[in-house]
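Colleague: Next comes the sequence, and after it the predicted model I'd like to discuss.
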Amino acid sequence: MKTQFWLRWTSAVGVMALVLFFSTPQQSAFAVEATSEPAGVVQPVSPQITEQVARAEEGKAADVVLAGVKLNGRWGFINPQGEFVIPAEAKEIRAFQEGLIAVKKDSGWGFYNKTGQLVVPAEFSEVDNFTDGYVKVKRNGKWGYYDNQGKVAIPLEFDEVKILGEKLVPVKSGGKWGYYCTGEQLVIPVQYKDAGVFAEGLAPVKSEGKWGYIDKTGKVVIPFQFEEAYSFSEGLATVKVNGKYGFIDRNGVLVIKERFGSVGTEGFHEGFAAVKVGSKWGYVDNKGNVITTAYNEVFPFKNGLAEVRTIKTTVSFFDAVLFVAAGSAGYWDFNSNDLLPKNTKRGYIDQTGKEVIPPKYDFANVFHEGLAAVMLNNKWGVVDKTGAFVVPNQYNKISSYREGFAQVEKEGKWGFVDKTGKFLTSLNYQEVSAFSDGLAAVKMYDKWGFIDTDGKTAIRIRFDEIGFPTAEPSFLEEKRGFFCGYAKVRINEKWGLIDSTGKLVVPAEFDSASDLMGGSFGLLGVKKNGKWGYMDLNGKMVIAPQFNEVGIFWNQELLDREKSYYQNSY
């Protein structure tokens, strides 16, 4: 399975949170089992950066600046002049996708574009997310597709529809499957018991209890003969014969004989497919050569390396206690799926099957920019793709790299190291935050200030506290400090806003950090007397407090920058 991205509206903190998620489907969705035992191949785990800014969608104009606001219990979008571009009529709302935003009105779900035009009528009981210009929608129990121009791509007359593959969508009506070409017609009549997605010009279909393959004209090109069949990848497709899995070519020839108990549903990737022999997982190349079968879990190859895992069959009580404790003493920034139970060890192999990094680590994160954080003997460090420690495993905690530096903690003191393990600063701070806009917040003697990427004090340590860009630290949570050139600070129990020189541009007169938000495009969300409005950076209220909740102003350039900040980490 390919890593997927999508956006979510986070209403818990009352802001428009454009958030990056890396889809990690359950193991059963990734592995095809010939037996009833759980699959060992799982979706590659990627760092999930929850409640943070992410994906800049295609089609957004760079000059469009909008903020989500909630008025009288309904959501809409305003421009920097305070004018509603999308009216506050939505009970629920999602982030922009391919230039459109899904809104749920009393009449149902629909889609607005960023100029405020209701492109897709709000009349659907269910809508999916846009993918490659198309979205699944449901009305009166029937499914169809719309395109991102608001046109019906597939009429809403089907009991079920699957995902788009090479402009053809499997559709179900009356218990049978066929294929509809987006924007055109039903090109392959409904006649099959089941149908898969087109890939490399062919699709698996089921008839009379057996699977075969058809081309885009509906012609059967590989006869119905398989117990199971899956889409092609890199010229080969997984099929099941006599209770075992093998691989066929486009002529239907079983070029890799059926001998595997399970295979990865992603099929071939970088010339290899995950396979299970007996109780262990390994890989087969496109010539049928098995390079290894020694692991409990394996992952697809990426840039020549594949993650592999070994798992003990029993876990002691002491090990279980250590696993629970690891959540409070170790690596953060990443999804908990990246941290493995004490009985699981992670390593990496190359395409010859050689263990370039043996599976020996207590915990480990996936590689990013050639580096991975690992825990060995309850201490954290960073290894490169040869398995060599570039940052020694001597730290109690370590963060992802931001702007070239990671935060590290040892014996209760914090500092920063670069990607060679060299100290930017000594371990002499009580707390530190990630670098943002070239500055990092640091705490010493119970006061906060900022250092630059040379390790020098850029803003004198004098503040009682440093805040987050949003009303609560669940959004942009690593950016404690500067966002768009400004940072929230607390002085003598009051909150204000400073610029990158340390100058107080908004007076420290707010009782709570939650009463200030953002600062992008010269507009700061402020809360007064229970209502939200926007203030400019001269302290003038330019959009009167009237909203129940508000979000940060965004445009394409800012989204791109924030996406780069998080995706280029580590």
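Modeller: Great, that's in hand. Remember, predicted model here, so these are calculated numbers, not experimental data.
Colleague: quick one: pLDDT of Lys287?
Modeller: Here the pLDDT value assigned to Lys287 is 96.
Colleague: Give the helix, strand or coil label for it.
Modeller: coil (DSSP: H, G, I helix; E, B strand; the rest coil).
Colleague: And for it, the neighbour number?
Modeller: 8 (other C-beta atoms under 10 Å). Using the backbone N, CA and C atoms, a C-beta is placed for each residue, glycine as well.
Colleague: mind listing what it touches?
Modeller: For Lys287, no residue meets the contact criterion (C-beta atoms under 8 Å, 6 or more residues apart in numbering).
Colleague: got it, and Ala90?
Modeller: Ala90 makes contact with 74-76, 103-105 under the criterion C-beta under 8 Å, 6+ apart.
Colleague: Which residue, other than its chain neighbours, is closest to it?
Modeller: Leaving aside its sequence neighbours, Ala90 sits nearest to Val103 (C-beta to C-beta, 6 or more residues apart in numbering; 3.9 Å).
Colleague: coming back round to it: from the contacts of Ala90, which single one is nearest Thr344?
Modeller: Distance to Thr344, by C-beta to C-beta, is smallest for Lys104 among these, at 41.0 Å.
Colleague: I'd say the closest one and Lys91 touch.
Modeller: Yes: Lys104 is within contact range of Lys91, at 5.1 Å (criterion: C-beta atoms under 8 Å).
Colleague: more crowded one of these two?
Modeller: Each of Lys104 and Lys91 has its neighbours counted (other C-beta under 10 Å); Lys104 has more, 19 against 11.
Colleague: For the more buried one, report the pLDDT, please.
Modeller: pLDDT, Lys104: 96.
Colleague: elements contacting the helix or strand where it lies?
Modeller: Here Lys104, judged by DSSP states H and E, is contained in strand 100-105. Packing partners of strand 100-105 (3 or more C-beta pairs under 8 Å, 6 or more residues apart in numbering; DSSP states H and E): strand 84-90, strand 92-93, strand 108-113, strand 118-124.
Colleague: Tell me which of the ones you listed is the most buried.
Modeller: Greatest average neighbour count among the helices and strands packed on strand 100-105 goes to strand 108-113 (a mean of 23), per mean count of other C-beta atoms under 10 Å.
Colleague: helices or strands next to whatever helix or strand Val408 lives in in the packing?
Modeller: In this structure, Val408 sits in strand 406-410 according to DSSP H and E. Where contact means 3+ C-beta pairs under 8 Å, 6+ apart, strand 406-410 is packed against strand 389-395, strand 397-398, strand 413-417, strand 423-429.
Colleague: Give me the three-state assignment for Val308.
Modeller: Following three-state DSSP, the label given to Val308 is strand.
Colleague: quick one: contacts for Thr293?
Modeller: Neighbouring residues of Thr293 by C-beta under 8 Å, 6+ apart: 275-278, 280-282.
Colleague: actually Glu228, not the one I wrote
Modeller: Neighbouring residues of Glu228 by C-beta under 8 Å, 6+ apart: 32, 211, 238-240, 245.
Colleague: Could you give the bridge partners of it?
Modeller: Using DSSP bridges, the bridge partners assigned to Glu228 are Lys240.
Colleague: hmm, back to that, switch the helices and strands packed on strand 100-105 over to a markdown table; also include mean pLDDT and distance to Leu537.
Modeller: Converted to a markdown table, the helices and strands packed on strand 100-105 look like this (pLDDT from 0 to 100; distance: least, C-beta to C-beta, whole Å):
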| stretch | mean pLDDT | distance to Leu537 |
| --- | --- | --- |
| strand 84-90 | 96 | 23 |
| strand 92-93 | 92 | 28 |
| strand 108-113 | 95 | 30 |
| strand 118-124 | 96 | 34 |
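Colleague: Of those strands, which is nearest Phe367?
Modeller: With C-beta to C-beta, the closest approach to Phe367 among these belongs to strand 92-93: 36.0 Å.
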